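based on what follows, work out the 3D shape:
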Amino acid sequence: MAQAEAALIIAQSGGPTPVVNASLAGVIQNAREQAHIGAIYGLVNSYEGALKKEVIDLRREPDETLRLLVETPAAALGSGRYKVTEADYERILALFQELNVRYFVNIGGNGSMVITHRLAELAAAMGYPLLVMGVPKTIDNDLAGTDHTPGYGSAARFLALATRDTGRDLEAMVNFDDVLILETMGRNAGWLAAAAALGKESEADAPHLVYVPEIAFDETRFIEEVAAIHSHLKRVFIVVSEGIQDAQGQLIGQYHLTDPVGRVVPGLAPGVGAYLTDLVRQKLGFQVRCLRPSLIGRSASAYVSLTDRREAWQVGFDAVKHLVAGRSGLMVNLERRSDQPYECRTGLISLAEVAAAGEKMMSRALMNEAGNMISADFWDYALPLIDGPLPKLARLQNHRIILERAEDGTPVQSGPDGRS
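The predicted model follows:
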């Protein structure tokens, strides 16, 4: 078949993000501009769609849909967590050959990049001229080979705003509520939990404690830290990653459930937030509430970071640019040039390197010495990604009036200077 009729096919894999469709729109837009790309296909529900031969024609989508796609959350093609077998790879490549696919773009996280790399290897081994490119995506920010992942900035912004605003609610209800525990997503890495502190301007502002999986969690020390802060502020706002572990590597307060690809899934039953809520009640007798935004944080379009959306579109657009230039077996990444002013550009890294690296964890330097709050280094790293600093909130100056009592005990209101 002639080169002008060569097709491009796209998949979206793993958990969605608020901006993953911006990447999809970037891929489609650039592909439409390439004279030698004929059909533009989308796999329905990723690899499962390939195995079921469920494919849609993206070239037929109207321009208005493409425009709105940039601002649409979740995965428009449908996603999934199907565990691909060696036999499945052969069936996927057979479908690609049937459709005369010469370009494959996979938008996903760690597991997706491993699969993309394997498809590139097998295609090369069988002499099939397939060019493949990975496009990064995950709210967890745990994908190696890139400064940060599209999707993280928006989920981080949501958590920063939710923590800041709910912290004010706790402050207002201090005569009733003592402790609020917010549980964030993040299976093994604490990037999201740490981001919840990006709206904090003073010691009194929420959150007061942040716990991430990279630092071993000690229940006794936790109770001591909660008690100490409550004695000072009369309230404690705690942010905890769903995947925190003790010194032996055991998940805190969770059953060891697994997802379809065999990974332990935290945050399901009963969840670390609920467990710690009961622990604080039992040990300290405080009134405690637990919040679990869960999927809201990865789907709430109202909280999208414009920086995140712009970068998500760019990595998708540039993926096609590199493919038509003959590059393959690579992932488009984000390379930071400067924090202040923030400057970031796209680059390339081999899929083999990404696949071999595993998950990207937070370095110890991004948390304070006590391990329960972010450091200045994290602040510098993450604030530009959420379009920060966040808008300021008002706080009353609390100019109190003085109340005096007459000899008969009747209250007498006076001004600030004591004169009635």
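
for the residue nearest to the spatial centre of the chain, which non-adjacent residue is closest in space?
Geometric centre of the chain, nearest residue: residue 139, 1.8 Å, by Cα atoms, centre = their mean. Spatial nearest neighbour of residue 139, excluding adjacent residues (Cβ to Cβ, 6 or more residues apart in numbering): residue 155 at 3.8 Å. For the C-beta atoms, the positions are set from N, CA and C on the backbone; glycine is no exception.

does the one you found touch residue 295 like I think?
No: with contacts counted by Cβ atoms under 8 Å, residue 155 stays clear of residue 295, the gap being 10.4 Å.

who's more crowded, the two?
In this view residue 155 and residue 295 are compared by other Cβ atoms under 10 Å, and residue 155 has more residues nearby, 34 against 12.

quick check: the more buried one is in a helix.
Yes: Residue 155: assigned to a helix according to DSSP: H, G, I helix; E, B strand; the rest coil.

now it: how far from residue 134?
Distance, residue 155 to residue 134, by Cβ to Cβ, to the nearest Å: 20 Å.

swap in residue 385?
20 Å.

and those two? which has more neighbours close in?
Using other Cβ under 10 Å as the criterion, residue 385 and residue 134 rank with residue 134 on top: 33 against 27.

part of a helix, is the more buried one?
No: counting by three-state DSSP, residue 134 is not found in a helix; it is strand.

can I assume it is in contact with residue 355?
No: using Cβ under 8 Å, residue 134 makes no contact with residue 355, being 9.4 Å away.

got any residues that touch both of the two?
113, 117 (Cβ atoms under 8 Å, 6 or more residues apart in numbering).

can you give me the helices in the stretch 51-200 of the chain?
For the stretch 51-200 of the chain, applying DSSP state H, counting those that start in this stretch gives helices covering 63-69, 86-98, 110-125, 152-172, 191-195.

please name whichever of those helices is nearest to residue 395.
helix 152-172 (8.8 Å; Cβ to Cβ).

quick check: the residue nearest to the centre of the chain vs residue 199, distance?
18 Å.

over to residue 409?
Distance from residue 409 to residue 199, by Cβ to Cβ: 46 Å.

out of the two, which sits in the more crowded spot?
Comparing residue 409 with residue 199 by neighbour count (other Cβ under 10 Å), the higher total belongs to residue 199, at 25 against 6.

for the closest residue in space to that one that isn't next to it in sequence, what are its contacts?
Leaving aside its sequence neighbours, residue 199 sits nearest to residue 164 (Cβ to Cβ, 6+ apart; 3.3 Å). Residues counted as contacts of residue 164 (Cβ under 8 Å, 6+ apart) are 199-200, 205-206, 390, 393.

switch to 7 Å and redo it
Neighbouring residues of residue 164 by Cβ atoms under 7 Å, 6 or more residues apart in numbering: 199, 206, 390.

pick the one among these closest to residue 59.
residue 390 (40.4 Å).

that closest one: how many residues sit nearby?
That count, for residue 390 with other Cβ under 10 Å as the rule, works out to 17.

that one and residue 197 touch, don't they?
No: checked against Cβ atoms under 7 Å, the pair residue 390 and residue 197 is beyond contact range at 11.3 Å.

assign a three-state SS to residue 239, would you?
strand.

and it, what are its bridge partners?
residue 182, residue 210 (DSSP bridges).
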